[in-house]
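In: next come a sequence and a model predicted from it.
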Amino acid sequence: MRGQSERVGVNIAYSAYSSRRTGCQELFLTRPVDLDTLRQEFDGIRSRQDSTHTIVTPDSTLNQTQEYFERGSAPGCKAGLRFLVVTADGKLQPCSMQFKRYELHEQKRMVEEFTEHNQCDECYVAIRSNLDKTFPQILARTLRVTSPSIRATAGTAPAEIVRTEPRP
Ligand code: SF4
């Protein structure tokens, strides 16, 4: 896939399957044999990462995505604070799988009502895996810095906004 993406001049970013989105738990990787395959595939992806950055998903995201499948969950979601969804009709949602809506000026209320009490750990899709990180992790990814001392420092990051089509 990487060779093909280089030929057509596009990058590759990985996003974890979410049964919360599809409603199909059968496709979630839980069997040991599937998790072994996942580990091998991730090792293969890591071995193909290089200075061309054709694969834009950073190591930290691959590692945490692997943990998500091995654990079967990913607690600590900051939907609504680190990222949010702006719907086509101009409302805010914490994420594309949480449907309580807020007015555009109500992010603070969304954080107070949703994010601060959110126990959902059911996905690790790209928007979350890329943004539920410490500020140093995001900085390191951006600058391609790998210093452990930088990554060890806690911090905050700005929200990322995505737009969606209206729900039927
Ligand atoms: S883990 Fe977070 S981003 Fe994922 S479905 Fe739950 S609330 Fe939304």
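Out: Nice, thanks for sending it over. Numbering: from 1, shown residues only.
In: buried residues in stretch 80-99?
Out: 80-85, 87, 92-96, 98 (16 or more other C-beta atoms under 10 Å). Any C-beta I mention is one placed from the backbone N, CA and C, and that applies to glycine too.
In: do the same with stretch 62-80
Out: Using 16+ other C-beta under 10 Å as the test for burial, stretch 62-80 gives 62, 64-66, 68-69, 74, 77-80.
In: within reach of the ligand, which of the buried residues of stretch 80-99 are there?
Out: 94-95, 98 (C-beta under 6 Å from any ligand atom).
In: contact partners for the closest residue to Leu92 other than its chain neighbours?
Out: In this structure, Leu92 finds its nearest non-sequential neighbour in Tyr102, 4.4 Å apart by C-beta to C-beta, 6 or more residues apart in numbering. By C-beta atoms under 8 Å, 6 or more residues apart in numbering, the contact set of Tyr102 is 91-93, 109-110.
In: mark which of these are part of strands, please.
Out: The members of the contacts of Tyr102 that map onto strands under DSSP state E are 92-93.
In: where does the prediction get shaky in this protein?
Out: For the chain, residues meeting the criterion pLDDT under 70 lie at 1-3, 144-168.
In: which helix runs longest in it?
Out: Secondary structure of the chain per DSSP state H: the longest helix is helix 32-48.
In: could you dump stretch 31-39 to CSV, C-alpha only?
Out: Coordinates of each C-alpha in stretch 31-39 appear next as CSV, following Å, rounded to 0.1, in the frame of the first residue of the first chain:
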residue,chain,number,x,y,z
ARG,A,31,-9.1,-13.4,19.5
PRO,A,32,-5.5,-14.0,20.4
VAL,A,33,-4.8,-15.0,16.8
ASP,A,34,-6.2,-11.7,15.5
LEU,A,35,-4.2,-9.7,18.1
ASP,A,36,-1.0,-11.6,16.9
THR,A,37,-1.8,-10.6,13.4
LEU,A,38,-2.4,-7.0,14.5
ARG,A,39,1.0,-6.9,16.3
